[in-house]
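Quick one: sequence and predicted model below, then my questions.
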Amino acid sequence: MMKGDPTKELWRPLKAWKAHEWVPMKEAWLRVYASLSKDMFLTRRDLKADLLAGRLVGAVRRIAKDGTETCIILEPAYCQRLEFPRAWLVEGWEAEAQEGEAWHFFVRRANLDKHYPAATPPASSTTSGRRTDDRPQRRPGPRARDEWPMWVARELIQFALAGEEMPTPAKMCQRCEDKLGYQPDIRAMQRLYRKLLS
């Protein structure tokens, strides 16, 4: 940290990075999201509130353009300037970053596990007539059939915001199957892609 840096009271160096003690912010965001019945507004609010209150401890791996790395623990006061609009996105730190420096955010695993335990999937059943594989069960009824276009639109927005390559319509059909339990017709997906991406 540079001398005279006004943020020096807002973080402290971490002597040694032990990966098993930390969870990427994306995973932390998704755990909070799942615990709040997938409410994005409450997720953004509660994640920040937990960091401010010290219930969760944030850390950053700062990687300079030349490859050198500095690890820091964020004081709760620093987290006041941060926002968490999406699982893969943290905003509000950019003013402190040096040119070409990448910041990777993490949360201390012990605190996250205490307040937002990881969901454990139910054991697969071997009872006669029941599924024994790990595939998600299909959602019953027309809800997934009616809502898949909006879900796809949100997914495509998330890919765009993350700067990731868009999945093909065929891959998105499979994502619908995996996430919603309903696979739309490939032609309907192609029409939706043309409408959304033109």
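The structure has been received and is ready for your questions.

Would you map the helices across this protein?
Applying DSSP state H to the chain gives helices spanning 25-35, 40-53, 76-79, 109-115, 143-162, 169-180, 186-197.

would you turn these into TSV with mean neighbour count?
Quick note: C-beta positions are derived from backbone N, CA and C, even for glycine. Shown next, in TSV, are the helices of the chain (neighbours: other CB atoms under 10 Å):
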stretch	mean neighbour count
helix 25-35	20
helix 40-53	17
helix 76-79	19
helix 109-115	16
helix 143-162	14
helix 169-180	16
helix 186-197	14
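
By mean pLDDT, show me the worst of those helices.
Here the lowest mean pLDDT among the helices of the chain goes to helix 143-162, at a mean of 80.

Give me the domain ranges for the protein.
Split into domains by automatic domain parsing, the chain comes to 8-115, 143-197.

Would you point out which residue is most central in the chain?
residue 87 (2.4 Å; CA atoms, centre = their mean).

residue contacts, it?
Shown in contact with residue 87 (CB atoms under 8 Å, 6 or more residues apart in numbering): 25, 26, 29, 30, 33.

In space, what's closest to the third one - neighbours in sequence excluded?
Taking CB to CB, 6 or more residues apart in numbering, and ignoring the residues beside it in sequence, residue 29 has residue 87 as its nearest neighbour in space, at 4.1 Å.

The one you found and residue 33, how far apart?
Going from residue 87 to residue 33 by CB to CB, to the nearest Å gives 7 Å.

what do you get for residue 74?
Taking CB to CB, one finds residue 74 at 21 Å from residue 33.

Just give the closest residue to residue 44, not the sequence neighbours.
residue 84 (5.1 Å).

Got the confidence number for that neighbour?
At residue 84, the predicted lDDT confidence score is 91.

how much space is there between it and residue 58?
10 Å.

Between these two, which contacts overlap?
Common neighbours of residue 84 and residue 58, using CB under 8 Å, 6+ apart, are residue 25.

tell me the mean pLDDT for stretch 93-106?
For stretch 93-106, mean pLDDT is 90.

That one: end-to-end distance?
Terminal residues of stretch 93-106 lie 14 Å apart, using CA to CA, to the nearest Å.

Check which residues of it are buried.
Neighbour counts over stretch 93-106 (16 or more other CB atoms under 10 Å) mark 93, 96, 104, 105, 106 as buried.

Please convert those residues to JSON lines, extending it with distance to residue 69.
Compiled in JSON lines, those are given as follows (distance: CB to CB, whole Å):
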{"residue": "93", "distance to residue 69": "16"}
{"residue": "96", "distance to residue 69": "16"}
{"residue": "104", "distance to residue 69": "10"}
{"residue": "105", "distance to residue 69": "14"}
{"residue": "106", "distance to residue 69": "13"}
